[in-house]
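Participant: Sequence and computational prediction follow.
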Amino acid sequence: MDNFNVFSMKKQAPGTIGIIAVCAAIFLIQIVFQGMGSNIIVEVMALHPVFYASRFYQLLSYGFVHSGFLHFGFNMIVLLFVGSGIEAVIGTRKFLVFYLFLIVMCGIVTLVYFTISPWPLHTVLGSSGALCALLMIYWSLNPLASVLLFFIIPMPIRYFMFSIIAFDCVGTIIPIKTGLAHVTHLAGYACGAAFVKRQFFINTMSRLFRRGVHQDSRGRIIHGQFDKKRHYTETIDPILEKISREGIESLNRREQEILEKAGKKKE
């Protein structure tokens with residue numbers, strides 16, 4: 001993302017940083033127990049093929065435990081860059097609720113798959129499903145963006161998304177030993193697509209930004225009685241249209257500040 005400053009992330013995306021901090025703390029505890037020869041954290045928090053109603057919390061907890069350094073590191077890097085951008089648009093509170101909802105929904109779909117799959121099943125852990133949903137939303141906000149494949153090779157995000165979705169489709173149908181929860185990823189893509197379908201994302205932001213900012217996108221102060229409808233039409237509409245047309249990275253400093261201030265006012 002343009003003008004990315006890791007030192008300002010705590011202020012700009014506290015929800016994203018908070019999730020990463022929780023995952024990091026759990027991962028450190030996991031390492032300590034594994035060093036003592038115990039895998040209790042995974043046993044308690046992960047989502048297992050045999051699900052017990054008394055462990056309903058695993059539908060959420062599995063998203064905060066990871067299998068190793070690479071799994072944890074990759075997921076947190078994706079969350080940092082993608083999650084922070086989405087949080088800046090929809091606000092911290094909505095982002096946190098939506099993120100937790102994604103984990104639970106992906107977990108439910110995974111459990112349903114466990115009951116009908118003819119293939120050998122394995123324990124599911126990690127936030128990959130929720131991250132796949134966030135990637136879908138980020139793609140809709142930044143259709144012309146590029147990603148670094150393996151953090152080296154630049155690749156248009158549309159080709160990247162087509163590739164990983166196709167890979168997960170194949171992995172769900174054919175028992176490929178990848179160690180990945182392909183069906184959980186597909187559930188994430190579906191949740192992300194549902195979120196942006198029929199401009200649902202724009203409608204959510206419409207409700208979010210109907211009040212709280214008295215300055216239009218050109219920096220002009222709106223005097224007199226505040227007209228929410230006029231303000232939305234003159235200030236927020238052009239910004240949302242620009243995001244839809246050119247991606248969130250196309251916003252200038254003033255437009256970014258208007259969205260950020262509006263989100264804070266609403267919260």
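Facilitator: Good, I have the coordinates.
Participant: Over the helix or strand that contains Leu259, what's the mean pLDDT, rounded is fine.
Facilitator: Assigned by DSSP states H and E, Leu259 belongs to helix 253-266. Mean pLDDT, helix 253-266: 66.
Participant: separation between Asp256 and Thr184?
Facilitator: Heads up, residue 256 is Gln, not Asp. 33 Å (Cβ to Cβ, to the nearest Å). Using the backbone N, CA and C atoms, a C-beta is placed for each residue, glycine as well.
Participant: Tell me where this protein is predicted with low confidence.
Facilitator: The chain contains residues with pLDDT under 70 at 1-11, 119-120, 151, 178-179, 198-237, 244, 261-267.
Participant: one more time with 50
Facilitator: Applying pLDDT under 50 to the chain flags residues 1-8, 210-227.
Participant: For the stretch 1-150 of the chain, which segments count as helices?
Facilitator: Under the criterion DSSP state H, counting those that start in this stretch, the stretch 1-150 of the chain contains helices at 9-12, 14-35, 40-45, 58-61, 69-78, 84-90, 92-116, 128-141.
Participant: quick check: angle from the fifth one to helix 14-35?
Facilitator: Just to be clear, that refers to helix 69-78. With axes from the mean of the first three to the mean of the last three Cα atoms, to 10 degrees applied, the angle from helix 69-78 to helix 14-35 works out at 170 degrees.
Participant: so what does helix 69-78 touch, helix or strand wise?
Facilitator: Packing partners of helix 69-78 (3 or more Cβ pairs under 8 Å, 6 or more residues apart in numbering; DSSP states H and E): helix 14-35, helix 128-141.
Participant: Run the angle between it and helix 128-141 for me.
Facilitator: Helix 69-78 runs at 30 degrees relative to helix 128-141, counting by the same axes, to 10 degrees.
Participant: CA atoms only for helix 69-78, dumped as CSV, please.
Facilitator: The C-alpha trace of helix 69-78 is given here as CSV (Å, rounded to 0.1, in the frame of the first residue of the first chain):
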residue,chain,number,x,y,z
PHE,A,69,6.5,-20.0,12.3
LEU,A,70,5.8,-19.8,8.5
HIS,A,71,2.1,-20.3,9.0
PHE,A,72,1.9,-17.6,11.7
GLY,A,73,4.2,-15.2,9.9
PHE,A,74,2.5,-15.4,6.5
ASN,A,75,-1.0,-15.0,7.9
MET,A,76,0.0,-12.0,10.1
ILE,A,77,1.8,-10.2,7.2
VAL,A,78,-1.3,-10.6,5.0
